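> Task: produce atomic coordinates for the following.
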Amino acid sequence: MTFTIATWNINSVRLRMPIVERLLIEHAPDILCLQETKCPDDLFPSAAFRKLGYEHISISGQKGYHGVATVARRPIETIEKRDFCLKGDCRHLSVRISAGGKSLLVHNFYVPAGGDEPDPEINWKFRHKLDFVTEMNAIRAEHDELSGSILVGDLNIAPLEHDVWSHKQLLNVVSHTPIETESFEAMREAGEWKDLMRLNVPLDQKLFTWWSYRAQDWELSNRGRRLDHIWSSSNLVENLSSIEILREARGWERPSDHVPVVARFDLD
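Numbering: from 1, shown residues only. As a prediction, the model looks like this:
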């Protein structure tokens with residue numbers, strides 16, 4: 001069977017519900033993980049999702065900031081809403097879903113952006129980001145013969161040289177500084193997570209999921225970064241059939257500055 005998962009920082013789910021609906025109609029993922037929903041749980045547009053067949057909903061939201069949500073076409077069990085760094089922010093949600101004879105644990109993350117100044121001594125937001133990534137070391141790619149793990153989300157770090165439009169010019173810019181990228185990759189490897197987006201894309205090929213609102217013509221300038229990620233436990237790598245970055249969504253009406261990423265698995 002085919003199992004499809006999508007991740008998208010939507011930058012306000014209520015404001016951008018029309019393009020969320022477009023994604024669900026055109027691509028029909030089995031499960032969609034949203035970040036930066038900016039919506040308390042009682043105002044989440046659940047009815048709109050259910051109307052499109054996404055009747056199973058798990059949300060962790062707050063007014064005006066942050067927030068994650070996972071919606072699915074099949075039953076999901078909410079496992080955890082972890083309060084990283086004890087900040088009270090809604091930045092993590094994990095659910096369990098059955099697919100192809102496997103029990104899949106799906107983590108949905110929204111890592112802090114970190115502010116503008118890449119110095120943890122003078123910028124508490126950057127300190128928070130580094131501490132958050134350190135705490136993510138506790139999230140491991142659990143798996144056995146009948147189970148696997150997937151981690152998705154806006155992780156707000158572009159770890160590799162060609163995950164940004166200019167490695168040299170962004171070395172001192174938050175999201176691509178060495179202190180972030182090194183701790184990020186160390187955390188991923190310690191957790192035995194596989195970076196699925198880079199499996200079949202050469203390391204010298206540019207790969208972006210985010211383009212700033214500040215660019216007058218984002219498509220022409222193409223000054224992007226890969227801030228959104230899909231990882232899995234090692235036992236799911238052989239089941240991955242494709243990953244698609246829906247770049248065209250950056251040009252949809254009233255777009256997010258991030259675009260959806262969709263992974264497809266062929267499960268026995």
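
> residue contacts, the closest residue to residue 116 other than its chain neighbours?
Leaving aside its chain neighbours, residue 116 sits nearest to residue 174 (6.3 Å; criterion: Cβ to Cβ, 6 or more residues apart in numbering). Yep, even glycine has a C-beta here, placed from its N, CA and C like the rest. Going by Cβ atoms under 8 Å, 6 or more residues apart in numbering, residue 174 touches 113, 114, 115, 116, 117, 118, 126, 129, 180.

> If we ignore the residues flanking it in sequence, what's nearest the fifth one?
Take residue 117 and drop its neighbours on the chain: the residue closest to it by Cβ to Cβ, 6+ apart is residue 123, 4.1 Å away.

> The second one too?
Take residue 114 and drop its neighbours on the chain: the residue closest to it by Cβ to Cβ, 6+ apart is residue 129, 3.7 Å away.

> Return the list of helices and strands in contact with the host helix or strand of that neighbour.
If you go by DSSP states H and E, residue 129 is part of helix 124-135. In terms of contacts (3 or more Cβ pairs under 8 Å, 6 or more residues apart in numbering; DSSP states H and E), helix 124-135 is packed against helix 178-190.

> circling back to that earlier point, distance to residue 90 for the contacts of residue 174 - can I get that in a markdown table?
Shown next, in a markdown table, are these (distance: Cβ to Cβ, whole Å):
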| residue | distance to residue 90 |
| --- | --- |
| 113 | 15 |
| 114 | 18 |
| 115 | 19 |
| 116 | 23 |
| 117 | 25 |
| 118 | 25 |
| 126 | 20 |
| 129 | 16 |
| 180 | 22 |
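
> picking up where we left off before, pretty sure the residue nearest to residue 116 sits in a strand.
No: under DSSP: H, G, I helix; E, B strand; the rest coil, residue 174 falls outside any strand and is assigned coil.

> I'd like to know the average pLDDT value across stretch 226-239.
In this model, stretch 226-239 has a mean pLDDT of 98.

> would you list every one of the strands in this structure?
2-9, 31-35, 56-60, 68-72, 76-80, 92-99, 102-110, 147-154, 194-195, 210-211, 224-225, 228-232, 240-245, 261-266 (DSSP state E).

> neighbouring contacts of the worst-scoring helix or strand of the chain on mean pLDDT?
Every helix and strand of the chain was ranked by mean pLDDT, DSSP states H and E. The lowest is helix 218-221, at a mean of 95. Residues from elsewhere that reach helix 218-221 (Cβ under 8 Å, 6+ apart): 211, 212, 215, 224, 250, 251.

> coming back round to it: phi, psi of the residue nearest to residue 116?
phi -50, psi 130 (degrees, to the nearest 10).

> Dig out what residue 108 forms beta bridges with.
In this entry, residue 108 is beta-bridged to residue 93, residue 152, by DSSP bridges.

> Name the nearest residue to the spatially most central residue of the chain, sequence neighbours excluded.
Closest to where the C-alpha atoms of the chain average out (Cα atoms, centre = their mean) is residue 153, at 1.2 Å. Excluding the flanking residues, the one nearest residue 153 by Cβ to Cβ, 6+ apart is residue 109, at 3.5 Å.

> What of residue 100?
With Cβ to Cβ, 6+ apart, the residue lying closest to residue 100 is residue 267, at 2.5 Å.

> Report how many residues lie close to that neighbour.
Residue 267 has 15 neighbours, counted by other Cβ atoms under 10 Å.

> now swap in residue 204 and tell me
Neighbours of residue 204 using other Cβ under 10 Å come to 8.

> Also the one 4 residues further on?
The tally of other residues near residue 208 (other Cβ under 10 Å) stands at 22.
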